[in-house]
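1. return atomic coordinates for the entry below.
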Amino acid sequence: MSSTTSQPPAHSNEIKLSFPQEHVLLLTFNRPKSLNAITPTMTTDVKNILDWFDNEPGLWIAVLTGEGRIFCAGADLIAWNKRQAGGGAEADQQDIIRNSDGFASLSRRFVTSKPIIAAVNGGAYGGGMEIVLNCDLVIASEDAKLALPEVKRGVVAIQGGMPRLARIAGHQLASELLLTGRAISAAEAANRFGFVNKVVPEKDVLSTALAWAAEIAQNSSPDSVQSTKRALLLANKYGDVEDVVVAHIQSKESKRQFVSENIQEGLRAFAEKRKPVWKNPAKL
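-> Presented below is the predicted three-dimensional model:
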């Protein structure tokens, strides 16, 4: 684990961690028999790992995938039914407000300025698709099905999926998915709805996601990448362009990028007609 400076936090076997290439963390949902439906334990594990990832200078990119035949089936509806029967509706609402990182600590996560790539094998449903919608890049298998079927179960895609899909696809296309709850193919998600970047054969999903991660890590300053992602996140938060520009300039990521060793290296390498050698960014 040469690209990190500390060991990751302890976690359950419901997720798996690996470091397949320099500067890249691979996080795998690991409940294949349950189609990687998210449990409270998984949510805690993911939060702890991503909080650690955010603060590791040597880790620049995260890739998410699912063990087995599907990326993530969303929430455990059996457990949800038990909470509802026990009068847990108000507690659920308060939990959503309080847990600002969203479903699985991913669907509304705003603090992470490092790119997160989803390698979607088989498909994503409900909360699983809400996670996908909040990733920066999405590689999906040709056989993948994606859906927000909450209305068919009497619930709602409350963890960021509705506003995010409306911004990406527009009102009418978002309504098509959200009001019918129907599943779409990866090709439709890419060509009609616009939230999948690339569709590949199932055997190539993870390798393609890792290749994109390598391209970013090798060719781009990590300071510039993280500053750029912060600007994109702020663009979703603010409606006015000037508000985004000002908030971005004042962000920690932008301030760091302007004085980083990597901005000096990038400009020097251009003048010297050579490839830059990027360094780990300073901690924010």
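2. show me which parts of the strand or helix carrying Trp52 are buried, residue by residue.
-> Trp52 is part of helix 40-54, with elements assigned from DSSP states H and E. Buried positions in helix 40-54, judged by neighbour count with 16 or more other C-beta atoms under 10 Å: Met42, Thr43, Thr44, Asp45, Val46, Lys47, Asn48, Ile49, Leu50, Trp52, Phe53, Asp54. Using the backbone N, CA and C atoms, a C-beta is placed for each residue, glycine as well.
3. hmm, who's touching that helix?
-> Contacts with helix 40-54, where a contact means C-beta atoms under 8 Å, 6 or more residues apart in numbering, come from 6, 8-9, 11-12, 14-15, 17, 25, 27, 29, 31, 59, 62, 101, 103-106, 109, 111-114.
4. let's see that with 7 Å instead.
-> Under the contact criterion C-beta atoms under 7 Å, 6 or more residues apart in numbering, helix 40-54 has outside partners 8-9, 11-12, 14-15, 17, 25, 27, 29, 59, 62, 101, 104-106, 109, 111-112, 114.
5. filter those residues down to the buried ones and hand me the ChimeraX line.
-> Buried subset of these, written as a ChimeraX selection, criterion 16+ other C-beta under 10 Å:
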select :8,11,14,15,17,25,27,29,59,62,101,104,105,106,109,112,114
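6. the contacts of helix 40-54 in strands, which ones?
-> Judged by DSSP state E, the subset of those located in strands is Ile15, Leu17, Leu25, Leu27, Phe29, Ala62.
7. what two of those are the furthest from one another?
-> Leu25 and Phe29 (13.9 Å; C-beta to C-beta).
8. quick one on the thing from earlier: now, among the buried residues of helix 40-54, which is nearest to Val156?
-> Thr43 (18.8 Å).
9. ok, and what's touching stretch 165-173?
-> With C-beta under 7 Å, 6+ apart, stretch 165-173 has contacts from Leu133, Ala174, Leu177, Leu178, Arg192, Phe193, Gly194, Phe195, Asn236.
10. adding distance to Ile263 and secondary structure, write these out as JSON lines.
-> Formatted as JSON lines, these follow (distance: C-beta to C-beta, whole Å; DSSP: H, G, I helix; E, B strand; the rest coil):
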{"residue": "Leu133", "distance to Ile263": "32", "secondary structure": "helix"}
{"residue": "Ala174", "distance to Ile263": "38", "secondary structure": "helix"}
{"residue": "Leu177", "distance to Ile263": "41", "secondary structure": "helix"}
{"residue": "Leu178", "distance to Ile263": "42", "secondary structure": "helix"}
{"residue": "Arg192", "distance to Ile263": "39", "secondary structure": "helix"}
{"residue": "Phe193", "distance to Ile263": "36", "secondary structure": "helix"}
{"residue": "Gly194", "distance to Ile263": "32", "secondary structure": "coil"}
{"residue": "Phe195", "distance to Ile263": "32", "secondary structure": "coil"}
{"residue": "Asn236", "distance to Ile263": "26", "secondary structure": "helix"}
